[in-house]
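> Whatever this is, show me its structure:
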Amino acid sequence: MLLSVATAVLVLATAASLAAAGSLALDAAGGRMAHWVLGRAAGLTSYVLLLLLVGTGIVLAHPWARHLRHPSARTRLALHAGLATFTLAFTVLHVVVLATDPWAKVGWLGALLPMAAAYRPVPVSLGVIAAWAGLFTGLTARFAGRLLGRLWWPVHKVAAGLLVLVWAHSVLAGSDVVALRGFYVGTGCAVVALAVTRYTARTPADEVRELARDLQRAPSPTLADGAAWGDDLRPGARPEPRQHHAGRDTAPTRPIPVVGRGPWR
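Got it, this is the predicted structure:
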């Protein structure tokens, strides 16, 4: 509980300090475009942080991660949690700045509810849905094992898909998408490639399942085979292999050594 309060205080303090710095920059810049520039800068920063957040999350669950020695799993988990905190802080700054900017034509309703913004309602709504879904994902992870049990894990498994909404929001709602086209395409392809390696890599559980299937398919010796071998084991006689008939699904056989006789002594 104390850690939750400390995390919330850290988020609020970060957002407040960023808002104060932005306010000073706005006062110094003067012009109506200053709010829009600050909002876009905060949004772009939150997008980069979200990329790192999703990337570290994929690495944490990646089958190849068991071969990584540095940084440790605990350090990677702490980095993931810290990125989530600052992603939330910059997202709050992005929302607040654009909601209070009359020139942006978003407003508080448009910043909090889907299809309520006058400016590009569909792209803005994608960002609103992604923000609420990201907040829900963070809360389920924060209170996992206490109030919500293991609800966080299935939610986290699809949380990477939120990046698709954020990516579409950034591309469709941003006014500088032409200048950042290569950046958006490159970062999107990089995350998709990392996700493909995550979900196509073989895990230890996959290897165990494949071994179990192979054992089930392997033929096992039967009583009839054992009786036939016993008939051929006469004193001083060398066992002869059974004749196999084409088309029968039988296991290959081999001579069984007799202890105390023959060249096997």
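> tell me the helices in the chain, going along the chain?
All helices of the chain, identified by DSSP state H, fall at 2-29, 33-60, 73-99, 107-112, 121-142, 152-159, 162-173, 181-200, 204-217, 223-232.
> Reformat those as TSV; add mean pLDDT and mean neighbour count.
C-beta here means a position set from N, CA and C on the backbone, and glycine is covered the same way. Converted to TSV, the helices of the chain look like this (pLDDT from 0 to 100; neighbours: other CB atoms under 10 Å):
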stretch	mean pLDDT	mean neighbour count
helix 2-29	53	13
helix 33-60	86	19
helix 73-99	88	19
helix 107-112	92	17
helix 121-142	89	19
helix 152-159	76	14
helix 162-173	90	20
helix 181-200	87	13
helix 204-217	72	10
helix 223-232	49	11
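> Now stretch 104-115 - C-alpha only, PDB.
Written as PDB, here are the backbone C-alpha positions of stretch 104-115 (Å, rounded to 0.1, in the frame of the first residue of the first chain):
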ATOM      1  CA  ALA A 104      -6.600  22.500 -30.400                       C
ATOM      2  CA  LYS A 105     -10.500  22.000 -30.400                       C
ATOM      3  CA  VAL A 106     -10.200  18.900 -28.200                       C
ATOM      4  CA  GLY A 107     -11.500  20.100 -24.800                       C
ATOM      5  CA  TRP A 108     -11.900  18.000 -21.600                       C
ATOM      6  CA  LEU A 109     -14.800  16.000 -23.000                       C
ATOM      7  CA  GLY A 110     -12.800  15.200 -26.200                       C
ATOM      8  CA  ALA A 111      -9.800  14.300 -24.100                       C
ATOM      9  CA  LEU A 112     -11.700  11.900 -21.800                       C
ATOM     10  CA  LEU A 113     -14.500  10.500 -23.900                       C
ATOM     11  CA  PRO A 114     -14.400   8.900 -27.400                       C
ATOM     12  CA  MET A 115     -15.900  10.800 -30.400                       C
END
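> Identify all contacting residues around that stretch.
The list of residues contacting stretch 104-115 from outside it, by CB atoms under 8 Å, 6 or more residues apart in numbering, reads 35-36, 39, 95-96, 98-99, 116-119, 121-122, 124-125, 128-129.
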